[in-house]
Every structure is written in C-alpha cells, then in structure tokens.
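S.K.: Only the shape, not the letters, is given here:
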Ligand code: 3HC
C-alpha cells in the first residue's frame, strides 16, 4: 500500500473550523505544519480563526509561546469555504458535525480531491470509522484520530482502527499525533471507542444523580473532583463538552450498545430548552 509518509507531510487539511477543527488546526500550525482549514460558511471560518488567535494568546500570556511564534502559527492557517482547496493536503483530518451522512459525503468528496496516497483521518467521537471509510475508494487509508477538548491543552489522542485501516496508516496516525505533542492510545472501531464508551455513562449517571436528588449539582461535581481527582465533575464536564454533543454521542451508544447507554432524561430536556452548556451561557450551570 502506497501511503504518504509522515516525513512527507507539510500541509494538513482540516475539515471543520468548530471547537475541535480549530483546535486541531492550531496544534498542527504550532507544530510547524501549513494548514488549510475549511468550513461551509465564511462566518464559521472567521470564528475558528478568532478562537485560534485567542487560544494562542493564552500561551503567549503564560510565556509558553513567544508573540512571533504565535503570529507565525496563525499565519500558517489558511481558512477557506472550498473543499477543493484541500487538494494541497498531505494528510487530512475531518472534524465536521457528528452526522454519518455528512461525514460520508465529505469523505467521498475528499477521495476525489486529494492525491491517492494521502491518509484521511476522522476526529469522530462515536461514529464507525469503517462506515465512513466505506464511502471512499481507499478504506485502508482511513483512520480515527480522536482529539480531546480543549485540543490545545489536552495531551491525549485516541487512534481508532477501522475494519480495513492498514498498519502503515495506524502508525502514521500515532506518529502525526506525537508530532503535534500528543500522547496516544489505540482502540478498535467499536462504539464510543475507549473514551466515550466509558465517559458517556459517567456523565449521564452524574446527570441522573442530580435529577434524582442524590445531591446538589455542586456536590456531585465536588464529590467526583475531590473524591476521584478528576479535573472536572460530570455536570461541569458535560457543560464543557456541550450538552448537544453529549446527547448525540449517548444516542449513538444507546442505539449500538443497548439500554445501559440510555441518555438521561434531564440531558434531553436541557438540550430541548437550548441550554447546551458553556457555549450558550447556560447548561447545568450559568456562565458569563
Ligand atoms: N487554549 C489554550 N489554553 C487553554 C485553553 C484553550 N482553548 N483552555 C484552557 N486553557 C489553559 C488555561 O490558560 C490554563 O492554563 P494555566 O493553568 O497554565 O494557567 C489551563 O488551561 C487551565 O484553564 P482554566 O484555568 O481556564 O480552567 P481549568 O483549570 O478548569 O482547566 C481544563 C481547564 C484544561 C479544560 C481542565 O479543567 C480539564 O482538563 N478538564 C477536563 C477536560 C476533559 O476531560 N476533556 C476531555 C473531554 S472528552 C472529549 O473531548 C471527547 C469528545 O469526543 C467528547
């Protein structure tokens, strides 16, 4: 199998300029790659570039990057609304919405646009890599690279191996993640992989415990942070991830793995009310 190697990767294509896409674009740019970041509307691209600038300025404030390193990184990210602009990419990471049909369409298009030996990675958090790969004529060159939110801060990347993913492609996914300063682990292409299979029931149980009056939301979060040394309790973390994202992931797991993954009633009610967490100013908590 002819695969473009890591040493040949100069330009990284990123599909999606949302929270995950702009984070991936940022870490690729600070690691020296040229990046083409694509979203469907100019407004989304602009918002993604603004987030990168804001996040880079935090690293400058902490003196982990100089101002000129931050400026160079930002210059290396080119925003676009045209998918064909990814033709220059030596590796593509897709981080569009978590909808199978949308991802399959994007992968079918990318398959036509980028060179034959280019690896197509997806940042999907719960969808089947194998089903996404089947939309292309290169399923052996499709792999999961599941980044964690916030991407610039979180050290871990989950490499997900689809039914047809080739060994050289798995190796490239690990190598690329490490080139971005991340540490990896590997999961088979089973629903939720390692992280969300375990995280989503934990979040839903925290929400249920709150709904059933086990403790106040603050005490549930304090119990888990002080009691198990995690940085955020389940209600705060659900807000941080986005309650719509949590609900979507939980529904996929429920569908695939049965009742033990049923989303909490209150999670559904919050999403119905439009309270999606930090990003809308209100979830289980309120934010400025
Ligand atoms: N860019 C740059 N720096 C950032 C940042 C960003 N987007 N977000 C936070 N930071 C930095 C801050 O500058 C700060 O740096 P410092 O400690 O050196 O001053 C540090 O991160 C901590 O930030 P804050 O003080 O604002 O807030 P916290 O102390 O609460 O930390 C956190 C934020 C790093 C998000 C921490 O709470 C944490 O690790 N939480 C758990 C996050 C987590 O579990 N993520 C995975 C979710 S699961 C997932 O993503 C999978 C998906 O498929 C659902």
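M.R.: Happy to help now that I have it. What you are looking at is a predicted structure, and each value in this text was computed from that prediction instead of being measured. Numbering: from 1, shown residues only.

S.K.: Which residues of this protein lie near the ligand?
M.R.: Residues of the chain lying close to the ligand (C-beta under 6 Å from any ligand atom) are 55, 58, 62, 125, 148-150, 152-154, 195-196, 199, 231-232, 237, 241, 245. (Each C-beta comes from the backbone N, C-alpha and C, glycine too.)

S.K.: In strands, which of these appear?
M.R.: Among the residues of the chain next to the ligand, the subset assigned to strands under DSSP state E is empty.

S.K.: Out of the residues you listed, which end up buried?
M.R.: 55, 125, 148, 149, 152, 195, 196, 199, 237, 241, 245 (16 or more other C-beta atoms under 10 Å).

S.K.: quick one, helices of this protein?
M.R.: Taking DSSP state H, the helices of the chain run over residues 19-30, 42-61, 67-75, 100-113, 129-133, 167-179, 195-211, 217-228, 234-241, 243-257, 265-272.

S.K.: Residue 7 is nearest to which of the ones you listed?
M.R.: Proximity to residue 7, assessed across the helices of the chain by C-beta to C-beta, is greatest for helix 167-179 (9.2 Å).

S.K.: Counting by contacts, list what the closest one packs against.
M.R.: Identification of packing neighbours for helix 167-179 by 3 or more C-beta pairs under 8 Å, 6 or more residues apart in numbering; DSSP states H and E yields strand 119-122, strand 142-147, strand 156-161, strand 183-188.

S.K.: now those strands as a markdown table including mean pLDDT and mean neighbour count?
M.R.: Below are these laid out as a markdown table (pLDDT from 0 to 100; neighbours: other C-beta atoms under 10 Å):
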| stretch | mean pLDDT | mean neighbour count |
| --- | --- | --- |
| strand 119-122 | 98 | 28 |
| strand 142-147 | 98 | 26 |
| strand 156-161 | 98 | 22 |
| strand 183-188 | 98 | 14 |
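
S.K.: Mind putting these into a markdown table with distance to residue 103?
M.R.: Below are the helices and strands packed on helix 167-179 laid out as a markdown table (distance: least, C-beta to C-beta, whole Å):
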| stretch | distance to residue 103 |
| --- | --- |
| strand 119-122 | 6 |
| strand 142-147 | 10 |
| strand 156-161 | 13 |
| strand 183-188 | 18 |
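
S.K.: give me the residue from the stretch 101-250 of the chain nearest the ligand.
M.R.: Taking C-beta to the nearest ligand atom as the measure, the stretch 101-250 of the chain has residue 125 as its residue closest to the ligand, at 3.0 Å.

S.K.: Surely that residue touches residue 194?
M.R.: No: between residue 125 and residue 194 there is no contact under C-beta atoms under 8 Å: 11.4 Å.
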